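Novice: Quick one, structure for this:
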Amino acid sequence: MQVVRGGEDEHVERIATTIPLTAEQAEDLGHYAGLLYDYHRARPQFVRLLHWEGLQDRGGPALKEPERTATYGSRVAALARTQREGVLDTGLRPEELFYAVLALAAWWFTVPQAVRMIFGGPSDPEAERASLIRLVRRLAQQGGPE
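Specialist: Just a heads-up that it's a prediction; the model follows:
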């Protein structure tokens, strides 16, 4: 279902090419999550467009669904490869891990009111980004500097 217009094509293509995830990049999955956070902070309208698309979903194909599915698939494959190499923990399937990273990176911008209530104050982008990186590294069982 292609309901949302007004630049969504451009954002879908941009995030797919701007923030790729290769097996080498997956070696620091927290850093990758930080890049997603930066992207969404600079372009909060993208998360809003995705949510609107989801609200309008009636089970038909999404905008550029085959291309987006292939992009997601390449990222999942990169995580699977990194897991096979022993760099990432195998406690989660690569699909689950990728989904969790996407959700965690976007949620700061989806419900800023909840972030404010949970963390007890106005948005602090540096602290949010550092929290995200720690969360993803812990989820992937990776250490490393922030």
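
Novice: The helix or strand hosting residue 136 - contacts with which helices or strands?
Specialist: For residue 136, the host element (DSSP states H and E) is helix 125-139. Here helix 125-139 is seen to pack against helix 29-42, helix 94-110, helix 112-119 when contacts are counted using 3 or more Cβ pairs under 8 Å, 6 or more residues apart in numbering; DSSP states H and E. In short, each C-beta sits where N, CA and C put it, glycine included.

Novice: Not counting sequence-adjacent ones, nearest residue to the residue nearest in space to the middle of the chain?
Specialist: By Cα atoms, centre = their mean, the mean C-alpha position of the chain lies nearest to residue 102, the distance being 2.3 Å. Spatially, and ignoring its direct neighbours in sequence, residue 102 is nearest to residue 36 (7.2 Å; Cβ to Cβ, 6 or more residues apart in numbering).

Novice: OK, contacts around the one you found?
Specialist: Contacts were defined as Cβ atoms under 8 Å, 6 or more residues apart in numbering; by that measure residue 36 touches 19, 101, 102, 105, 106.

Novice: Buried among the residues you listed? Make that a ChimeraX selection.
Specialist: To isolate the buried members of the contacts of residue 36 in ChimeraX, using 16 or more other Cβ atoms under 10 Å:
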select :101,105,106
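
Novice: Could you point out the longest helix of the chain?
Specialist: Looking across the chain with DSSP state H, the single longest helix is helix 65-84.

Novice: Just the mean pLDDT for it, thanks.
Specialist: For helix 65-84, mean pLDDT is 94.

Novice: Next: stretch 126-136.
Specialist: In this model, stretch 126-136 has a mean pLDDT of 96.

Novice: Now that stretch: buried residues?
Specialist: So for stretch 126-136, counting by 16+ other Cβ under 10 Å, buried means 128, 129, 131, 132, 133, 135, 136.

Novice: relative orientation of the helix holding residue 136 and helix 29-42 in degrees?
Specialist: Helix 125-139 and helix 29-42 are oriented at 150 degrees to each other (axes from the mean of the first three to the mean of the last three Cα atoms, to 10 degrees).

Novice: which outside residues touch helix 125-139?
Specialist: By Cβ under 8 Å, 6+ apart, helix 125-139 touches 28-34, 37-38, 41, 92, 97, 100-101, 104-105, 108, 115, 119, 143-144, 146.
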